[in-house]
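> sequence-free structure coming up:
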């Protein structure tokens, strides 16, 4: 069980803001419920912006994963039927569960309010997903890559001067799907061509509704080759950038567990700022290392998940977690530490580095897990912390410091790496010691020569 990091770092966190907010600084929040009346969501936006939140992600605001192309065939009972021009209808349902209504008037009211107050609205989209099962050739064939305009979208206006080559996202054995008991859709390998395709599938809708930019979500590391996937991810955002910018939009990318990192993506403006969802202490440390010096970076580190959160929502319900087996599921949380306590620690740590912790949304509520529609009210202490903070969040990217100074989190990383190297050296030394002892005791008589049979491993 890991000891909870309690480096309170000193200082204050993000200033309370009323009225107009500049779009170059401030905290990052979210909206995930669009079935309320427009007046209600405007109040939620105002509540968030009054405590300094100026970048707001719209989570699962769309109908399905196909964007403007709605001629697909439903291949699985867990899919959704095509809905031509769904974004121009009065209502539709969310893309994952299809249980929650999205009201267009509520959605646009929130977008208008954020824009009027000088904030930015980010359209959450799944970069690798689509409702089309045949963008890379027939779904049941061994063909891994294809041009979707050869057959699937033959009636659509071509979106590139040269044919696109979109590939299935494959791990070592199978085509990757994102699925649950109630939903399933295929995933495609991130590449420059997929970046072009997804941009044209979504930009017209995002622009028409009035978003400020696109937040490309990902599924994390999935491909058989990590290096090919890393290159593909970077090619995706480099190819989508000119198309996004031509529409007057910006873009960000969820680099899960700080993977696929290229500092130039932020320094050159291809991505507006770093965003990373982390799933454990090691990757949390990696994020702080990678994002050092990149002010405005966003970390998603959920306070209620079993991998990196705690059981108790508040001190009053810790008795529900008293069972040792329950605590055993939250292996990175000490007993009796509440989610609010964890939230406050992480908020302060983000503030101390000029980064941002996405946890506040739907007004003055907070996340529990990665499922953004599940929120609980902020505690009095957490709300006071958030609303009276004073973080330096101006997005002003600069090279890493060269004065040799480092924060406590960097020192921890150096210590961990040093211990790993030391342990590796000890293991190697022990191996050679055992080998030498074995040679000493080996019989002197000759043994029959052994034959070696080469086996070719299946590809």
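Cool, the structure landed. This structure is a prediction, so every number in the text was calculated from the model and none was measured.

> what's the neighbour count on residue 181?
Counted with other C-beta atoms under 10 Å, the neighbours of residue 181 add up to 6. No exception for glycine: its C-beta is placed from N, CA and C like everyone else's.

> residue 201 and residue 67 touch, don't they?
Yes. Between residue 201 and residue 67 a contact is recorded at 3.2 Å, counting by C-beta atoms under 8 Å.

> residues of stretch 350-366 that come out buried?
350-366 (16 or more other C-beta atoms under 10 Å).

> about what we covered before: who has more neighbours out of residue 201 and residue 67?
Ranked by neighbour count (other C-beta under 10 Å), residue 201 and residue 67 place residue 67 first, with 23 against 20.

> how about the more buried one, what does it touch?
Contact analysis of residue 67 by C-beta atoms under 8 Å, 6 or more residues apart in numbering lists 198, 201, 202, 205.

> could you identify the most distant pair in those?
The span of these, defined through C-beta to C-beta, is set by 198 and 205 at 11.7 Å.

> which of the two has more neighbours?
Set residue 198 next to residue 205 and count neighbours by other C-beta under 10 Å: residue 198 wins out with 27 against 19.

> tell me the mean pLDDT for the helix or strand where the more buried one lies?
If you go by DSSP states H and E, residue 198 is part of helix 192-209. The pLDDT scores in helix 192-209 average 96.

> stretch 50-57 now?
pLDDT averaged over stretch 50-57 gives 96.

> how far off centre is it?
Its chain's C-alpha centre and that of stretch 50-57 lie 18 Å apart, by C-alpha atoms, centre = their mean, to the nearest Å.

> also stretch 97-110?
On C-alpha atoms, centre = their mean, the centre of stretch 97-110 falls 22 Å from that of its chain.

> buried residues in that stretch?
Buried residues in stretch 97-110 (16+ other C-beta under 10 Å): 102, 103, 104, 106, 107, 108, 109, 110.

> so which of those are in helices?
Among these, the members falling in helices are 104, 106, 107, 108, 109, 110 (criterion: DSSP state H).

> residue 31: which of those is nearest?
The closest of these, once distances to residue 31 are taken by C-beta to C-beta, is residue 110, at 5.9 Å.

> now the phi/psi pair for the nearest residue to the closest one once chain neighbours are set aside, please.
Among residues not flanking residue 110 along the chain, residue 41 sits closest, at 4.7 Å (C-beta to C-beta, 6 or more residues apart in numbering). Per-residue torsions, residue 41: phi -70, psi -30 (degrees, to the nearest 10).

> run a quick neighbour tally on residue 41.
Around residue 41 there are 25 other residues, counting by other C-beta under 10 Å.

> repeat for residue 268
12.

> swap in the one 3 residues further on?
Residues lying near residue 271 (other C-beta under 10 Å) number 22.

> surely it meets residue 253?
Yes. Using C-beta under 8 Å, residue 271 is in contact with residue 253, at 5.7 Å.

> quick one: common contacting residues for the two?
With C-beta under 8 Å, 6+ apart, residue 271 and residue 253 have common neighbours 237, 265.

> mind checking pLDDT for residue 151?
So, for residue 151, pLDDT stands at 57.

> quick one: contacts for residue 90?
Counted by C-beta under 8 Å, 6+ apart, residue 90 has contacts 103, 104, 105.

> the second one against residue 110, yeah?
So that's residue 104. No. The criterion here is C-beta under 8 Å, and residue 104 misses it with residue 110 at 11.0 Å.

> is it true that residue 306 lies in a helix?
No. Assigned with DSSP: H, G, I helix; E, B strand; the rest coil, residue 306 falls outside any helix and is coil.

> residues contacting it?
Residue 306 neighbours (C-beta under 8 Å, 6+ apart): 329, 330, 331.

> can you select the buried ones among those for me in ChimeraX?
To isolate the buried members of these in ChimeraX, using 16+ other C-beta under 10 Å:
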select :330
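
> looking at the contacts of residue 306, spot the one nearest residue 189.
Using C-beta to C-beta, the contacts of residue 306 come closest to residue 189 at residue 331, 32.9 Å.

> helix, strand, or coil at that closest one?
Under three-state DSSP, residue 331 comes out as coil.

> report the separation between the nearest residue to residue 175 once chain neighbours are set aside and residue 218.
Excluding the flanking residues, the one nearest residue 175 by C-beta to C-beta, 6+ apart is residue 168, at 4.8 Å. Between residue 168 and residue 218 the distance is 16 Å, computed by C-beta to C-beta, to the nearest Å.

> got it, and residue 390?
Taking C-beta to C-beta, one finds residue 390 at 33 Å from residue 218.

> between these two, point out the one with more neighbours.
residue 218 (22 against 13).

> look at that one and report its pLDDT.
Reported pLDDT for residue 218: 97.

> also residue 433?
You'll see residue 433 listed with a pLDDT of 65.

> repeat for residue 13
So, for residue 13, pLDDT stands at 28.

> which residues in the stretch 251-400 of the chain form strands?
275-277, 298-300, 356-357, 360-361, 365-367, 375-377 (DSSP state E, counting those that start in this stretch).

> now for residue 91, how many residues are close by?
15.

> quickly list what it is bridged to.
Assessed by DSSP bridges, residue 91 has beta-bridge partners residue 103.

> can you pull the contacts of it?
By C-beta under 8 Å, 6+ apart, the neighbours of residue 91 are 101, 102, 103, 104.

> likewise for residue 211?
Residue 211 neighbours (C-beta under 8 Å, 6+ apart): 58, 111, 121, 122, 123, 249.

> distance of it from residue 124?
Counting by C-beta to C-beta, the gap from residue 211 to residue 124 is 10 Å.

> before we move on, what about residue 288?
24 Å.

> domains in this structure, as residue ranges please.
Following automatic domain parsing, the chain resolves into domains at 27-400, 405-442.

> where does pLDDT dip in this structure?
1-25, 150-162, 322-328, 336, 392-426, 429-459 (pLDDT under 70).

> can you do 50?
Under the criterion pLDDT under 50, the flagged ranges of the chain are 1-24, 155, 396-414, 417, 444-459.

> run through the helices of it in chain order.
38-50, 104-116, 192-209, 226-246, 264-267, 281-290, 324-328, 339-352, 380-387, 408-441.

> flag every buried residue along the first one.
Within helix 38-50, the residues that qualify as buried are 38, 41, 42, 44, 45, 47, 48, 49, 50, counting by 16+ other C-beta under 10 Å.

> next: the third one.
Neighbour counts over helix 192-209 (16+ other C-beta under 10 Å) mark 192-203, 205-207, 209 as buried.

> now stretch 234-254
234-241, 243-244, 247, 249-254.

> my guess is residue 209 contacts residue 87. True?
Yes. At 6.5 Å, residue 209 counts as touching residue 87 under the criterion of C-beta under 8 Å.

> so what's the residue count around residue 77?
7.

> likewise the one 5 residues further on?
Counted with other C-beta under 10 Å, the neighbours of residue 82 add up to 16.
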